[in-house]
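>>> structure for this input, please:
(chains A and B)
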Protein chains: 2
Amino acid sequence: MTIERIEEMINEHQFKELKEELKNNMYPVDLAEILREVDEKWLVLIFRLLEKEEAAETFSYMDSDQREILINALTDSELEEVMEEMYLDDTVDVLEEMPANVVDRLLMATDEEKRKQINQLLQYPEDSAGSIMNVDYIALSQDMTVEDAILKIRQVGLNRETIYTCYVTEKRKLIGVVDIKDLLTTGEARLIEEIMDTNMLYARTTDDQEDVARTITKYGLIALPIVDHEMCMVGIVTVDDAMLVLQDEETEDISRMAGINPDDDSYFGMTIFEHVKSRIPWLLFLMLSATVTQMIMNSYEAALAMMPQIAGFVPMLTGTGGNCGSQSSTLVIRGLAVGEIEFRDLFKVIWKEVRVAVCISLILATVNGIRIMIMGQGDALMALTIGLTMACTVIIAKVVGCTLPLVAKKVGLDPAIMATPLISTLVDISTISVYFAIVSYVFGLN
Amino acid sequence: MTIERIEEMINEHQFKELKEELKNNMYPVDLAEILREVDEKWLVLIFRLLEKEEAAETFSYMDSDQREILINALTDSELEEVMEEMYLDDTVDVLEEMPANVVDRLLMATDEEKRKQINQLLQYPEDSAGSIMNVDYIALSQDMTVEDAILKIRQVGLNRETIYTCYVTEKRKLIGVVDIKDLLTTGEARLIEEIMDTNMLYARTTDDQEDVARTITKYGLIALPIVDHEMCMVGIVTVDDAMLVLQDEETEDISRMAGINPDDDSYFGMTIFEHVKSRIPWLLFLMLSATVTQMIMNSYEAALAMMPQIAGFVPMLTGTGGNCGSQSSTLVIRGLAVGEIEFRDLFKVIWKEVRVAVCISLILATVNGIRIMIMGQGDALMALTIGLTMACTVIIAKVVGCTLPLVAKKVGLDPAIMATPLISTLVDISTISVYFAIVSYVFGLN
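The predicted structure is shown next:
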């Protein structure tokens, strides 16, 4: 269904048909996307046509702006229904983005027990496993039979986000996991303790959400149990949430790598002012850092006046250096993110990059030397000088590019900030120092 | 378990204990990682200590080098066991990387029926849904009762990679899906056709694997059914494979964005020569493109000789332009990848970027002007000239940066190639043209 079709049906007052259509042919995530473009008054109208469950799920996929419109328009009892149907982790996400008065109204619309759970979840640090976990899961005890276990799933399963993996606890402590497949394909009289896997993976509430998501990816899990510091089971992180976490973390990394301070909102969701705010700090810092290159060049003013054509090589040299450095830093940043590279690999990485750099610098210097001669931009001596500078630049750039992200990781910074923009600026400084030192020595310009 | 512990146990001939340890305390994916660092002869020894299932799974996580060592060392019957236990999609992955003679030997170790399935899967284009799908899934028919369905899962479930979602087919055509949760929580006498969801999501064998993985993420699915052009069900793509696809696609994108031709192998898995090969094409192309900036600067040789200090501003201007451009291109590339931005948003994006650029250019030009005055690098006229150039550069950079990825997408190229390296080079050319035109006009240097 398209937005045009929905609007048409509303205009023709085909509410019953629209209700049916929305129920049968629309996924909540798609509907939330479409609703971003409809008029405010229609948003509320369409929302009221949805079934309870669909309404709650659609609500959890909405922008904070749309949610506020709805919260202001809905009655208390309508709001209560939405809150009741939403999964707890989604509720917490919604609350985290809302202004205090709205949070109060939403919490008022929640029953006592759920409110207690919500308040507890809200206390976990942002980006921690605790903040994204779901507190609904199937807990079994080891002395149950398989038949008991299946019966329990039948009874409580309807309201659980996932029943695919069940968790065996003893006095709330996690002691094993059982896959639903194992329950279904084994004898009904067997005991859970016979079939449970005690060598299970788990994470702590305070673990970083990205690490949790990477563990889920690496081991191909459907959900990962989350325990507190006493090994008591408190929730699970499911694979669908893990995928969204990874997508957001990648976006964050890629933004940082381009010198943008990440923002939770989407490209179109951000205002002009928010875009400026997220982009200006690095631009300012890097522009002011470039003052150093300028000071170095100004100290060679006499040389530039004598041989102005040497200035023409600067953008090519700094550009190539920046590109070489960003290739290395990008590979290392990505290697760190997916867990292939660690700080202890530092010298292994540097040794690899140095060898790659030597090969690359030979190729680039040769090709560039030939180009200079052919285009008549200089004689053999000039070609040699540029070649030598190029070789130094490439090697410095590759070493700096691969080292800084590792060092950043070691000292607890996000390696992604050591990407192209910063590396380019640093490499610019060294390239220009080396270039003018060599060129003024070779041509006696001092 | 660490590699040191394993080596110690081998040296002390504690094979029985090692076998137990490997079985109980080791995940195949971790073991494959550790085995990357052991000696060749020990690799084979350790592999032979593994249980059939573990051996097959560990094998599927290995590098192609390690796999070749094993294939050469194992007997035909050992190889047959590994091939039998591996999931079909993993087998196809293994075969795709092997030299022809090894493929022949592996296929010889497979039974007739499986060989036929493998050959069919090998025919799907690389990066298509068909190439990553699993052909094992639970198929139900609509006239079965829930009890029949559970019985069928009991019988065939053991050898299926996933039983969490079952697929209802009629004459092989996909007509609905049933979640295992629904089977377990509904009456045993009900018919499948009453509880199945006929409004199901699916993909075609020829769809791009990244699109399939994004669909799985977006709708939070455990698996997506794959159909041929006649809607006949041929396999499923599971969420664990989707996560790995996304991780690889992100790595590919990030590599391309740094001017590196992506390689399937890992950082340490690639030889020096392979690293050089993947990085040199863009470096060469960009270095030679920088000839244009050089030619422009050379045409202002007289101006440079008269006022050599104007050269000192070049790295700062090109650097800032490059950073501005890469911010915009990165946001658009990412927006395209996650599906937030599409080609039809072109003018909306440009309009947004222009307004952001105007704000940013005002801030940067002002700060830089003040800096020039304070540091005594020029008078008010110079500050104004640089400010004007800066403003033009930022606006051009942002517009070029946001436009090119969208155009690339439109003409069927990967938007990721329109990232920092190429944008910087293009922006360099325009920055330098604008700068020298303005500066030589203002100071009458022609």
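>>> poorly predicted segments of chain A, please.
A:158-161, A:446 (pLDDT under 70).
>>> which one's the longest helix in it?
Assignment by DSSP state H gives helix A:380-410 as the longest helix of chain A.
>>> not counting sequence-adjacent ones, nearest residue to the most centrally placed residue in chain A?
Taking CA atoms, centre = their mean, the centroid of chain A lies closest to residue A:249, which sits 0.8 Å from it. Distances taken as CB to CB, 6 or more residues apart in numbering or on different chains place residue A:210 nearest to residue A:249, at 4.8 Å, with adjacent residues excluded. Where C-beta positions appear, they are placed from N, C-alpha and C, glycine not excepted.
>>> tell me the helix or strand right after the longest helix of chain A.
helix A:420-442 (DSSP states H and E).
>>> residues of that next one that come out buried?
If you call a residue buried by 16 or more other CB atoms under 10 Å in any protein chain shown, then helix A:420-442 has these buried ones: A:420-436, A:438-440.
>>> okay, now the residue nearest to residue A:249: neighbour count?
Using other CB atoms under 10 Å in any protein chain shown, residue A:210 is surrounded by 19 other residues.
>>> which other residues reach the strand or helix carrying it?
Element membership of residue A:210, judged by DSSP H and E, is helix A:209-219. Here helix A:209-219 makes contact (CB atoms under 8 Å, 6 or more residues apart in numbering or on different chains) with A:127-129, A:131-132, A:201, A:203, A:221, A:223-224, A:226, A:237, A:239, A:242-243, A:245-246, A:249, A:338-339, B:27, B:29, B:240, B:243-244, B:247.
>>> show me the domain layout of chain A.
According to automatic domain parsing, chain A comprises the domains A:3-123, A:139-245, A:290-442.
>>> deepest-packed of those, please.
domain A:290-442 (a mean of 21; mean count of other CB atoms under 10 Å in any protein chain shown).
>>> start to end distance for that one?
The first residue of domain A:290-442 is 26 Å away from its last residue (CA to CA, to the nearest Å).
>>> just list the residues touching the residue lying closest to residue A:401 once chain neighbours are set aside, thanks.
Excluding the flanking residues, the one nearest residue A:401 by CB to CB, 6+ apart is residue A:328, at 3.3 Å. Residues near residue A:328 by CB under 8 Å, 6+ apart: A:353, A:397, A:398, A:399, A:401, A:402.
>>> residue A:328: which element?
In this structure, residue A:328 sits in helix A:314-337 according to DSSP H and E.
>>> restrict the buried residues of helix A:420-442 to contacts with chain B.
A:420, A:421, A:424, A:425, A:428, A:432 (CB under 8 Å from any CB of the partner chain).
>>> pretty sure the last one contacts residue A:294?
When you say that, I think you mean residue A:432. No - Residue A:432 is beyond contact range of residue A:294, at 9.2 Å (criterion: CB atoms under 8 Å).
>>> so what sits against both of these two?
Residues within reach of residue A:432 and of residue A:294 at once, by CB under 8 Å, 6+ apart, are residue B:315.
>>> what about the strands in chain A?
Assigned by DSSP state E, the strands in chain A fall at A:139-140, A:165-170, A:173-179, A:203-204, A:223-227, A:233-238.
>>> would you format these as TSV with distance to chain B included?
What follows is the strands of chain A, written out as TSV (distance: least, CB to the nearest CB, whole Å):
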stretch	distance to chain B
strand A:139-140	14
strand A:165-170	10
strand A:173-179	9
strand A:203-204	15
strand A:223-227	11
strand A:233-238	8
